[in-house]
Structures are given as structure tokens and as C-alpha cells.
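Enquirer: the sequence isn't on hand, but the structure is:
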């Protein structure tokens, strides 16, 4: 994806310029650091004006049809496969909130998938297991 590569190169260049500003700040006497502040503000404005809009474009392009999304038949097949897995499977976000739950998981937790969706999975566990689940989910997310 050329847009992502260009964006990555622009971010790398920005990081290099920030490092140069840090180095310059360390070597300047305190009375001359004000001009360095102007340069730093200029670099930050560059992020606001150029890098952020480009990031939004890349994000939008990846969500649009043809931007990496599977076709509807493939998505339907994957949903059916997920529902028919013989082992309990739950898709969680970083906060342990249930996004999807297959049929085997609904039997394990004695709940309907529609009821569980949007609720924290940790709430359905005993108190002593909640912290462990949150810790494991955080480790996986990292």
C-alpha cells in the first residue's frame, strides 16, 4: 500500500526532526531556547495540517469496500464457522466487553449471545477470577 508507506516515511522523518530539536535544545543556552520553541511548534503544526489528515484518509480507505474487506459471502461463511465451533469462543475488546459469542460459549456462560454482547465478560466471573481475566486480555492486546 503506497499511501501507508509514504505515511510511514513521513512519520519517520518527523521523528528524526523531533530528535534533532531535542539534541539542539540540550546544547543551547537557556536564553536561546525560545527560537527552538518556535521550531517545535512549527513541527507540531505540520502534524496537525499534514500527518493527521493523511492518517484519516488511510483509515477511511482501509474501511471502504475493496480496502481490505472480505466479500459478503466470505464474511457470512466466517460468521457461520465461528458460530459452529465446537469449543466456546468469545470475541472481546480491550475492556473485556463481549463483541461476539458463539453457541458453545452461550451454553458455558448460561446466557444468550444478544444479552452478553456489549457487557463485560468479567462481570460473569467470580470476583477472584475477574482480575486474572483482565490481566490476560491486556497482555493479549499488547
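Expert: Sure, I can see it. Computed from a predicted structure; not experimentally measured.

Enquirer: return the distance of the helix ranked longest in the chain from the chain's centre.
Expert: Using DSSP state H, we find that the single longest helix of the chain is helix 2-27. Its chain's C-alpha centre and that of helix 2-27 lie 22 Å apart, by C-alpha atoms, centre = their mean, to the nearest Å.

Enquirer: one more: stretch 111-122?
Expert: With C-alpha atoms, centre = their mean, you get 22 Å for stretch 111-122.

Enquirer: how near is the nearest residue to residue 82 once chain neighbours are set aside to residue 77?
Expert: Spatial nearest neighbour of residue 82, excluding adjacent residues (C-beta to C-beta, 6 or more residues apart in numbering): residue 102 at 5.5 Å. From N, CA and C alone the C-beta is placed, and that goes for glycine too. For residue 102, the distance to residue 77 equals 15 Å [C-beta to C-beta, to the nearest Å].

Enquirer: hmm, back to that, quick check: pLDDT value at the residue nearest to residue 82.
Expert: In this model, residue 102 is scored at 91, pLDDT.

Enquirer: then residue 126?
Expert: Residue 126 is given a pLDDT of 75.

Enquirer: now swap in the one 10 residues further on and tell me
Expert: Looking at residue 136, its pLDDT is 75.

Enquirer: the residue nearest to residue 11 when sequence neighbours are not counted and residue 14, how far apart?
Expert: When the adjacent residues along the chain are set aside, residue 11 lies closest to residue 51, with 6.7 Å between them (C-beta to C-beta, 6+ apart). In this view, residue 51 and residue 14 are 7 Å apart by C-beta to C-beta.
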